[in-house]
Each structure stands twice: as structure tokens, then as C-alpha cells.
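Enquirer: following is a predicted model, sequence given first.
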Amino acid sequence: MPRVKRGFKARRRRNKVLSEARGFVAGRSKLYRTAMDAVRHAWLYQYRHRRERKREFRRLWSVRIGAAARLNGTSYSRLIHGLKLAGVEINRKMLAEVAIHDPDGFTRIAEIASKPAT
């Protein structure tokens, strides 16, 4: 039975996987079968961590806003509720940035949130 060489498409597919495995240790970057396993795992982690990153950033912003809110004599939940009642539409990412880079501006925002809704 003659040997089948498979042509350039198979080589291109293998090379694509091996290039994805660049930087992996030992056989995981050199051997196709091992590299394929490693790359599949990497893709799973990559997919999962893209979603986790969003959660982690929201937690970070909440902690920063809460710390700045406590410096202004209120709690995180009271601040967010007050902003909602006042009709201030600023997201947590921007609120955290203001808290870090412009404490005076954050104080003004906290004052708006602490005023009773009319």
C-alpha cells in the first residue's frame, strides 16, 4: 500500500496549532499531538477567563467606589441608590476613575447622591 503524504493543507493545520503553542514548555510546543492537547486546554482557560475578567473588574470598581464613599461619610449601597434616585447615569467604571483621579469631583457626586429625592 503506498504512503499518503497528505499535502500542504494538513501541514498548514499542524503548523497553525504549533504556532499557537509557541512559548509552551518542552514537547507541548514541539510535538503536534501534545501541543494540540495543550492548546485545547489553553483555549478553554482563555474563554473562561475572558468572562471572569469582567467580574473581577466590576468587583474592583465596587471596592474603590466603596472606599471613596466611606471617606465621604456614606456607604457604597447608599451612594449607588442615591445616584439612581437623583437620575445620575454614571457607570461604576467611570465612578471608580473619578474616585481615584478626582476626589473633589467624587465628593460633589456623593453630595448629589446624599440629597433627598424630591
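Expert: Thanks, I have it. Residues are numbered from 1 along each chain as shown.
Enquirer: okay, Arg6: pLDDT?
Expert: Listed pLDDT for Arg6 reads 77.
Enquirer: correction: Ala117
Expert: So Ala117 comes in at 61 (pLDDT).
Enquirer: what helices or strands is the helix or strand containing Arg55 leaning on?
Expert: Under the criterion DSSP states H and E, the helix or strand holding Arg55 is helix 32-71. Contact here means 3 or more C-beta pairs under 8 Å, 6 or more residues apart in numbering; DSSP states H and E; on that basis helix 32-71 packs against helix 7-20, helix 27-30, helix 76-86, helix 92-101, helix 103-114. For glycine as for every other residue, the C-beta is placed from the backbone atoms N, C-alpha and C.
Enquirer: show me what the last one is in contact with.
Expert: The contact list for helix 103-114 (C-beta atoms under 8 Å, 6 or more residues apart in numbering) reads 68-69, 71-74, 78-83, 85-86, 88, 90, 95, 98-99.
Enquirer: which of the residues you listed are buried, as a ChimeraX select command?
Expert: Here is the ChimeraX selection string for the buried members of those, based on 16 or more other C-beta atoms under 10 Å:
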select :68,69,72,74,79,80,82,83,86,95,98,99
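Enquirer: burial count for the closest residue to Phe24 other than its chain neighbours?
Expert: Once flanking residues are discounted, Phe24 sits nearest to Ala38: 5.4 Å by C-beta to C-beta, 6 or more residues apart in numbering. Using other C-beta atoms under 10 Å, Ala38 has 19 neighbouring residues.
Enquirer: could you do Glu97 as well?
Expert: For Glu97, the count of nearby residues is 16 (other C-beta under 10 Å).
Enquirer: what pLDDT does the most centrally placed residue in the chain get?
Expert: Nearest residue to the geometric centre of the chain (C-alpha atoms, centre = their mean): Arg53, 2.6 Å. In this model, Arg53 is scored at 96, pLDDT.
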